[in-house]
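In: Mind folding the following:
(2 chains, ligands or ions: 2)
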Protein chains: 2
Amino acid sequence: MAVLTSRSTDFPRWYQDVLAKAELADNGPVRGTMVIRPYGYAIWERMQAEVDSRIKAAGAVNAYFPLFIPESYLRREAEHVEGFSPELAVVTIGGGKELEEPVVVRPTSETVIGEYLAKWTQSYRDLPLLLNQWANVVRWELRPRLFLRSSEFLWQEGHTAHADEADAAAYARRIALEVYRDFMTQVLAVPVFVGVKTRRERFAGATNTMTCEGMMGDGKALQMATSHELGQNFARAFDIDFLGADGARHLAWTTSWGCSTRMVGGLIMAHGDDNGLRVPPRLAPTQVVVLPVRDEETVVAKARQIAAALTDAGLRVQVDARPGLSFGRRVTDAEIKGIPVRVEVGPRDLAAGNVTLVRRDTSEKVPVPLAEVATRVPVLLGEVQADLYAEALALRESRTTDVATVAEAARAAQAGFARIPWRLVGEEGEAELAEEALTVRCIQTPDGGIPEAGSDADDLVCLIARSY
Amino acid sequence: MAVLTSRSTDFPRWYQDVLAKAELADNGPVRGTMVIRPYGYAIWERMQAEVDSRIKAAGAVNAYFPLFIPESYLRREAEHVEGFSPELAVVTIGGGKELEEPVVVRPTSETVIGEYLAKWTQSYRDLPLLLNQWANVVRWELRPRLFLRSSEFLWQEGHTAHADEADAAAYARRIALEVYRDFMTQVLAVPVFVGVKTRRERFAGATNTMTCEGMMGDGKALQMATSHELGQNFARAFDIDFLGADGARHLAWTTSWGCSTRMVGGLIMAHGDDNGLRVPPRLAPTQVVVLPVRDEETVVAKARQIAAALTDAGLRVQVDARPGLSFGRRVTDAEIKGIPVRVEVGPRDLAAGNVTLVRRDTSEKVPVPLAEVATRVPVLLGEVQADLYAEALALRESRTTDVATVAEAARAAQAGFARIPWRLVGEEGEAELAEEALTVRCIQTPDGGIPEAGSDADDLVCLIARSY
Ligand SMILES: [Zn+2]
Ligand SMILES: [Zn+2]
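Out: Residues are numbered from 1 along each chain as shown, chains lettered A, B, ... in the order given. Ligands and ions are numbered 1, 2, ... in the order given. The predicted structure follows:
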């Protein structure tokens, strides 16, 4: 089944092979852009639905702000413009004419949303104001990589305004934990280290950045979502102020937070194996594929009947009875696409009143009486979900090493995460590590929690890794 | 209740007032762009869900193609580039550098999707290839109007490739009828004339354009969705060919079709009245608002209990018990936002075991025993849905006039639609009408059906109107 390069031979090439063979994405015609193919987009739609429902549960509402931002807006917040200037795409011609003021294609929407938060924030009664948008953003990429780093990507970006610092901090933390960590662990089945970024790695304009860091199959880290406290930087730049209960005017405190199509890259690299993708059942657009072994009418009819029963049981099901494609080819295709469970329907099995359930994650095969399929498959899907998470967690634990010096961290981080007290690293250690392309992924409390913003407690630990 | 300008005084200003007071949208900072506020976006999300499920039922799958298109792509189809050139936004700077080839921000994606349809279309077995995408597009607007004409808008665009002309034609027609007309009539409650565009009004590069034309409250037409046969124009330009069952290579036949945030404008203008929006129940993000008449604990508790029961009955429900806002203010707000049914919960009613149901469309009030609320409200919502459609249809019928000359058509079209045999108009008549800002909205068969593409049957009729 040498359809894909093996992961151990060449992980980046394996990644490219999966993108192509699972029909997830392709390069766009303009350098760095991406075509998300139907199967890749179906996965993204499922991610969107799961993240969106968590965002709504956290009280935020969706809106939409323009793609085009006046260049002058970005300049209002010093660190923000500095952070994004090298990545901007600029429209200079509109409607056949040179524009008087060039407009920037949004790299993120802090500035334009800041303008409207200012308009809509009059009194403390308007706060907190909790907005989210699903949109495309553009950051010009010189070394693009599909889903991981592309000049255009899809994401959600939340932007909120609060009456005081504590409320803003609590909300940014709530999003990191109840939206992102919950989605990653419960749906994507990827364990994540949640902590704060160092000053060096912080979002441009933020006073504190929280992050979810996952470990990929090659031991590298992937930043999977971030949640930022912006302090009063954007409130000052855009005059987001309000009349307090005390009758005086106050500047608001804002946050922003996002996750993107990059998570599709994370899915591939966290769970994929040498046979392709492995999609966790709670995420999978197709949870079960029913495969008639032979192109015979009674077998195909039985396959459709089983699929109908599974659909009635609330599962996302497809029948793959494509004529002209051998059973072997259809099995390979289901494996490459990572469909969690196959139901194989063969004439011999049927004669014995059975079908065969096959788990994608372990390749385990179980004959099951026809009458039990609709009750056994949901149980099996639950097991696959739990086992994929357990496997990813075991990998992470086996590749996370506690070390005591920056030099040891640099060595250990070649294979995974190095964990070390933050006071032994500091900004100097960070600069040394950067020379070897290593970064502090996040700082945590000793028990793996998120430290308070700006905490310099002695017992903080940090995780160091290579990263995407 | 003079919150809004009345429709008869100044329809365009009334429209602007509704946008502002119902908190639907606002102008963006770059001329012609639009901020869709949470309530406007919630309406759009419901439109998306309803249209998306119909598109999927028609067999198309979602994907995503890049925002940026090489300028050279547009040039490959002569009419297409000519049609869009005056409206293009062009990126000339990326990542801090002048680009070697400027890139265009997509005004529509025929060209870039054409490139991939060519790649993915190898054999007749790959056809039909049925794609759709939800995306933002940019067409520089000199006279912008929120939701109706903006430099950036949100839409879906379907793009399909077929093995022969008949299949392409049938699919484009199926989309016009089963996706668009069905959504407009069944959900949006707007009757539409479905027909073909004249050569003059056709999409740039299409061989045939089908359209759904609705009548707004001021008698003007709004083009609410279109479905195009592109013949082999784009297949030729992008080399979308395939190996036929006959062993020879053939050019494919393509279609494209779309509907946009413009439909939100249509919703406002088709159903709105002097008190604000009226949202049909099947579309409404909030179908029922429960209003405690007084800010008393027992009344508010009862309101929440009723809301819970209605939610359990499968409805989309909100309680508006905002403190500091009088009952009157909350009623006005629910009216402006067009929430189909209010449940007013007052202490006197409660004492008699009743609440009051109020229809937004007719202002009719009915006292209903508490125990019957959960069964009566769904029935009432069904009546509101049907009555809004009937009212829009009655308006359209009263303002559609059969005429026999172009001069008569010009007069009748000042107040609504003029219907006249197409052979009495022709391209000359069309040119004359254009001088008075009137257009042929569509051509139909005598029974209101869609003519075959290119038909010049003698009995075709056309509809002439002012339009947005
Ligand atoms: Zn202010
Ligand atoms: Zn070809």
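In: So residue A:211 belongs to a strand, correct?
Out: Yes. The assignment for residue A:211 by DSSP: H, G, I helix; E, B strand; the rest coil puts it in a strand.
In: Report the beta-bridge partner residues of it.
Out: residue A:195, residue A:226 (DSSP bridges).
In: Kindly give the local confidence score, pLDDT, for it.
Out: Residue A:211 is assigned 98 on the pLDDT scale.
In: how many neighbours does it have?
Out: 26 (other CB atoms under 10 Å in any protein chain shown). Placement of C-beta: from N, CA and C, glycine included.
In: separation between it and ligand 2?
Out: 45 Å (CB to the ion, to the nearest Å).
In: Equivalent analysis for residue A:56, please.
Out: When residue A:56 is compared with ligand 2 (using CB to the ion), they lie 45 Å apart.
In: can you check residue A:202 too?
Out: Counting by CB to the ion, the gap from residue A:202 to ligand 2 is 49 Å.
In: Surely that residue and residue A:211 touch.
Out: No. Contact between residue A:202 and residue A:211 fails when scored by CB atoms under 8 Å: they sit 9.7 Å apart.
In: and the residue of the stretch 351-468 of chain A nearest ligand 1?
Out: residue A:453 (25.1 Å; CB to the ion).
In: Report pLDDT for that residue.
Out: pLDDT, read off for residue A:453, is 91.
In: Who are the contact partners of it?
Out: Residue A:453 is in contact with A:169, A:196, A:207-208, A:229, counting by CB atoms under 8 Å, 6 or more residues apart in numbering or on different chains.
In: cool, residue A:307 as well?
Out: A:288, A:290, A:317-319, A:343.
In: Buried by neighbour count: which residues of the host helix or strand of residue A:430 qualify?
Out: Using DSSP states H and E, residue A:430 sits in helix A:426-435. Judged by neighbour count using 16 or more other CB atoms under 10 Å in any protein chain shown, the buried positions of helix A:426-435 are A:429-430, A:433.
In: what mean pLDDT would you report for it?
Out: Per-residue scores along helix A:426-435 average to 97.
In: again with stretch A:18-32
Out: On average, stretch A:18-32 scores 97.
In: Report the residue ranges of every domain in chain A.
Out: Per the record, chain A has its domains at A:11-271, A:288-384, A:400-465, by the TED database.
In: Of all these, which one comes closest to residue B:300?
Out: Comparing the domains of chain A against residue B:300 with CB to CB, the closest turns out to be domain A:11-271 (18.1 Å).
In: give the contact list for the residue of the stretch 151-300 of chain A found nearest ligand 2.
Out: Nearest residue of the stretch 151-300 of chain A to ligand 2: residue A:152, at 26.1 Å (CB to the ion). Counting by CB under 8 Å, 6+ apart, residue A:152 makes contact with A:28, A:32-34, A:136-138, B:66-68.
In: could I get the buried residues of helix A:426-435 as JSON lines with distance to residue A:329?
Out: Formatted as JSON lines, the buried residues of helix A:426-435 follow (distance: CB to CB, whole Å):
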{"residue": "A:429", "distance to residue A:329": "52"}
{"residue": "A:430", "distance to residue A:329": "50"}
{"residue": "A:433", "distance to residue A:329": "47"}
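In: which pair in the contacts of residue A:307 spans the largest distance?
Out: Among the contacts of residue A:307, A:318 and A:343 lie farthest apart (CB to CB), at 10.5 Å.
In: Comparing these two, which shows the higher neighbour count?
Out: Neighbour tally, residue A:318 and residue A:343, criterion other CB under 10 Å: the higher count belongs to residue A:343, 23 against 17.
In: about what we covered before: narrow the contacts of residue A:152 to those in helices?
Out: Judged by DSSP state H, helices contain none of those.
In: Most widely separated two among these?
Out: Applying CB to CB across these, the maximum distance is between A:28 and A:137, 14.9 Å.
In: Between those two, tell me which one has more neighbours.
Out: A count of neighbours by other CB under 10 Å puts residue A:28 above the other of residue A:28 and residue A:137, at 26 against 19.
In: Run through the residues that contact the more buried one.
Out: Counting by CB under 8 Å, 6+ apart, residue A:28 makes contact with A:34-35, A:152, B:65-66, B:68, B:112.
In: let's go with 6 Å and repeat that
Out: A:34-35, B:66 (CB atoms under 6 Å, 6 or more residues apart in numbering or on different chains).
In: Check residue A:159 too.
Out: By CB under 6 Å, 6+ apart, the residues touching residue A:159 are A:113, A:131, A:256.
In: can you tell me which of the residues you listed are in strands?
Out: Mapping the contacts of residue A:159 onto strands (DSSP state E) picks out A:131, A:256.
In: Within reach of ligand 2, which of the contacts of residue A:159 are there?
Out: Among these, no residue is within reach of ligand 2 (CB under 5 Å from the ion).
In: Now tabulate the contacts of residue A:159 in TSV and tack on pLDDT, distance to residue B:225 and neighbour count.
Out: Listed next are the contacts of residue A:159 as TSV, based on pLDDT from 0 to 100; distance: CB to CB, whole Å; neighbours: other CB atoms under 10 Å in any protein chain shown:
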residue	pLDDT	distance to residue B:225	neighbour count
A:113	98	30	27
A:131	98	29	24
A:256	98	35	27
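In: Give me the number of neighbouring residues for the residue nearest to residue A:139 when sequence neighbours are not counted.
Out: Distances taken as CB to CB, 6 or more residues apart in numbering or on different chains put residue A:87 closest to residue A:139, at 4.0 Å, once the chain neighbours are dropped. A count of nearby residues for residue A:87, using other CB under 10 Å, gives 16.
In: List the contacts of residue A:87.
Out: Counting by CB under 6 Å, 6+ apart, residue A:87 touches A:107, A:139-140.
In: Out of those, give me the one that has the most neighbours.
Out: residue A:140 (24 neighbours).
In: can you tell me how far residue A:410 sits from residue A:216?
Out: Distance, residue A:410 to residue A:216, using CB to CB, to the nearest Å: 19 Å.
In: Model confidence score at the residue of the stretch 1-150 of chain A found nearest ligand 1, please.
Out: Nearest residue of the stretch 1-150 of chain A to ligand 1 (CB to the ion) works out as residue A:118 at 5.1 Å. What the model reports as pLDDT for residue A:118 is 97.
In: Hmm, residue A:24 is touching residue A:42, no?
Out: No. Taking contacts as CB atoms under 6 Å, residue A:24 lies outside contact range of residue A:42: 9.8 Å.
In: These two: which is more packed in?
Out: residue A:24 (27 against 19).
In: Report the contact partners of that one.
Out: A:37, A:39-40.
In: right, is the helix or strand of chain A with the lowest mean pLDDT up against chain B?
Out: Using mean pLDDT, DSSP states H and E, helix A:78-84 stands out as the lowest-scoring helix or strand of chain A, at a mean of 89. No. Judged by CB under 6 Å from any CB of the partner chain, helix A:78-84 stays clear of chain B, getting no closer than 10.8 Å.
In: Which strands or helices does the next helix or strand along the chain from that helix pack on?
Out: Using DSSP H and E, the next helix or strand after helix A:78-84 towards the C-terminus is strand A:89-94. If contacts are counted by 3 or more CB pairs under 6 Å, 6 or more residues apart in numbering or on different chains; DSSP states H and E, strand A:89-94 sits against strand A:97-105, strand B:89-94.
In: Is it possible to get TSV of the contacts of residue A:152 that adds distance to residue A:347?
Out: Listed next are these as TSV, based on distance: CB to CB, whole Å:
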residue	distance to residue A:347
A:28	46
A:32	51
A:33	48
A:34	44
A:136	49
A:137	53
A:138	54
B:66	47
B:67	51
B:68	52
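In: which residues of the stretch 151-300 of chain A fall in strands?
Out: Along the stretch 151-300 of chain A, the segments classed as strands by DSSP state E, counting those that start in this stretch run A:152-162, A:192-196, A:208-215, A:221-229, A:241-243, A:249-251, A:253-260, A:288-292.
In: what about these, which gets the closest to residue A:177?
Out: Nearest to residue A:177, of all the strands of the stretch 151-300 of chain A, is strand A:192-196, at 6.8 Å by CB to CB.
In: between that closest one and strand A:208-215, how big is the angle?
Out: Here strand A:192-196 runs at an angle of 160 degrees relative to strand A:208-215 (axes from the mean of the first three to the mean of the last three CA atoms, to 10 degrees).
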